[in-house]
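Asker: Everything below, folded, please.
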Amino acid sequence: MIRDYRPADIDQVLAIWLAASIEAHHFIEPAFWQSKMGEMRNVYIPASETFVYEDEGVVVGFYSLYENTLAAIFVAPGSQGKGVGSVLLDDAKSRRAKLKLTVYKENAASIRFYRNNGFSVLQEQIDEHTGHSELIMEHRS
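Answerer: I've put the predicted structure just below:
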């Protein structure tokens, strides 16, 4: 079930974000993601509209919207491949007429997921924090 994020969810959300980020981005050192935990907790999550996917009382995925940007969408590694990401993405798309996101070019699985869900590539850029190429993708309803 998808529901609004509550401040009590923060530890579960951050644990999902960290584990999924490290797993999906093998080309970036885990220390980079660990160094961003404070910003996620104190800046990014509070500034965003966040929704969680809860299964039997446990948060197993979440997404965050910032204006028309899908700023985050993550599923706990043990819950991936079970449709949770698709349900989260469909919910996000239902809330905006247009959604943009950025995804690392080296993250082929995520790019395929977004393309299969109606997103198209607008442009490529370099992420100033990591130096890796990323794609800006967009979905229009």
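
Asker: Listing request: residues of this protein with sub-threshold pLDDT.
Answerer: Across the chain, nothing is flagged by pLDDT under 70.

Asker: centroid residue for it?
Answerer: Centroid check for the chain by CA atoms, centre = their mean gives residue 73 as the closest residue, at 2.1 Å.

Asker: hey, where'd the helices end up in this protein?
Answerer: Along the chain, the stretches classed as helices by DSSP state H are 10-24, 30-35, 37-39, 45-47, 84-95, 108-116.

Asker: which one of those helices lies closest to residue 130?
Answerer: helix 30-35 (6.6 Å; CB to CB). All C-beta spots, glycine's among them, are computed from the backbone N, C-alpha and C.

Asker: neighbouring contacts of that closest one?
Answerer: 18, 21, 22, 25, 129, 130 (CB atoms under 8 Å, 6 or more residues apart in numbering).

Asker: Now do the buried residues in it.
Answerer: Within helix 30-35, the residues scored as buried using 16 or more other CB atoms under 10 Å are residue 33.

Asker: Likewise for stretch 106-122?
Answerer: For stretch 106-122, burial by neighbour count (16+ other CB under 10 Å) applies to 107, 110, 111, 113, 114, 119.

Asker: Closest one of those residues to residue 134?
Answerer: residue 107 (8.7 Å).

Asker: doesn't residue 25 make contact with that closest one?
Answerer: Yes - if you go by CB atoms under 8 Å, residue 107 and residue 25 touch, sitting 6.5 Å apart.

Asker: That's all I had, so thanks and see you.
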